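Asker: I need the structure of the sequence given here:
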Amino acid sequence: MNKIVVYQARPDEAAYFEKFGKKFDLDIKYVTQELNAETAIQAQDAEAVTIQGSNKADRATLQALSRVGVKYLALRSAGYNYVDRAAAKEYGIRFSNVTYSPNSVADFTTMLILMCERKAQQILARGTVQDYTLAGIQGREIRNLTVGIIGTGQIGATVARNLSGFGCNLIGYDIYKNDNLRNLIEYVSLEKLFSTSDVITLHAPLFDSNYHMINRESIAKMKDGVCIVNCGRGPLIDTEALIYGIETGKVGAAGLDVIEDELGIFHEDHRLNVLNNHQLAILKALPNVIITPHTAFYTDQAVSDMVEIALKSLISFMNNGTSRWEIQS
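Answerer: Numbers count the residues shown, from 1 in each chain. So this is what the prediction gives:
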């Protein structure tokens, strides 16, 4: 029986760990804390551990895992930018991410686009003070817009399919073009996407090469009143540049499920705390910005997929020495 240590399982993951633990005949040990250099000792005598995507796996943590004999690490997320890849390679720890239902993020993205374009934030805010006037809340119909999709992998492709039903003009940019989308979108250069899109939605993974791809220079090239939606990675957008674009009227609306420096803020209860993220405070004060706390992924199907694939990956590592979900360090 394969032994796996699960760090910081959320309550909503518990039923799926029980389900797939029985299905795959696993010996699962649960650790309530997140994985770090101190809690790594809890993985003693286990080859494999799984953590949430927001759990930092830095050099000290990976070294501690190596010392107790851990060889494999599975993230229960698609993103893996919190893993020190060089340290993982140095300490001989192989790691993987997961794929999950693209509809989760794609549906949420579609919702944010609709909410931004129909000024739902402003309408709802007015309703709380019984202001039911129409001035300033006229929206735009999606069918009349050009929507630019940056990143056309599984999630971006599903967004394109969702939006195709509205009859809008769809354009896309990706280093690797998706042949299955040729009948839905027109691939264009990034420059053309910036200059011709009424709505820009981001679905690219985060690399050094696209860090702050939305910045003052790129925003200046965009159409006046552009709507920017980010359900990808926070650092794809230079937040200061976005705030400037909104305050000057260049950016008409923004829907952000991810932001820079969200770690330690999102997915935590801070009702009694003073947050030191000034950019978040400014964004929250802007009437044409919708902020959600990295919840686009959060559906029953996606959580089930994440738990199942993380466990499948670790089983494959332990039994076969390989995993189809492995990230090369």
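
Asker: Show me the helices in the stretch 51-200 of the chain, by range?
Answerer: Ranges of helices in the stretch 51-200 of the chain, per DSSP state H, counting those that start in this stretch, are 59-67, 85-90, 102-117, 120-128, 154-164, 190-196.

Asker: Does anything pack onto the last one? Which helices or strands?
Answerer: Applying 3 or more CB pairs under 8 Å, 6 or more residues apart in numbering; DSSP states H and E, we find helix 190-196 packed against strand 146-150, strand 169-173. All C-beta atoms are positioned from the backbone trio N, CA, C, and that covers glycine.

Asker: Return the most buried member of those strands.
Answerer: Highest mean neighbour count of those: strand 146-150, a mean of 25 (counted as mean count of other CB atoms under 10 Å).

Asker: hmm, who's touching that one?
Answerer: Residues outside strand 146-150 that contact it (CB atoms under 8 Å, 6 or more residues apart in numbering): 113, 156, 159-160, 163, 168-174, 185, 188, 190, 193-194, 196-204, 213.

Asker: That strand pairs with which strands, parallel or anti?
Answerer: Using DSSP bridges, the strands paired with strand 146-150 are strand 169-173 (parallel), strand 199-202 (parallel).

Asker: Apart from its neighbours in sequence, what residue is nearest Tyr30?
Answerer: Spatial nearest neighbour of Tyr30, chain neighbours left out: Val6 (5.2 Å); criterion: CB to CB, 6 or more residues apart in numbering.

Asker: Parallel or antiparallel, list what pairs with the host helix or strand of that neighbour.
Answerer: Using DSSP states H and E, Val6 sits within strand 2-7. The strands beside strand 2-7 in its sheet (DSSP bridges) come out as strand 26-31 (parallel), strand 48-51 (parallel).

Asker: Other residues contacting that strand?
Answerer: Strand 2-7 has contacts (CB under 8 Å, 6+ apart) with 17, 24-31, 33-35, 39, 42-43, 45-52, 55, 311, 314-315, 318-319.

Asker: Narrow these to just the buried residues.
Answerer: Among the contacts of strand 2-7, those buried by neighbour count (16 or more other CB atoms under 10 Å) are 17, 24, 26, 28-29, 31, 35, 39, 42-43, 46-52, 55, 311, 314-315, 318.

Asker: one step back: mind putting the strands paired with strand 2-7 into a markdown table with mean pLDDT and distance to Tyr91?
Answerer: Shown next, in a markdown table, are those (pLDDT from 0 to 100; distance: least, CB to CB, whole Å):
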| stretch | mean pLDDT | distance to Tyr91 |
| --- | --- | --- |
| strand 26-31 | 97 | 20 |
| strand 48-51 | 98 | 13 |
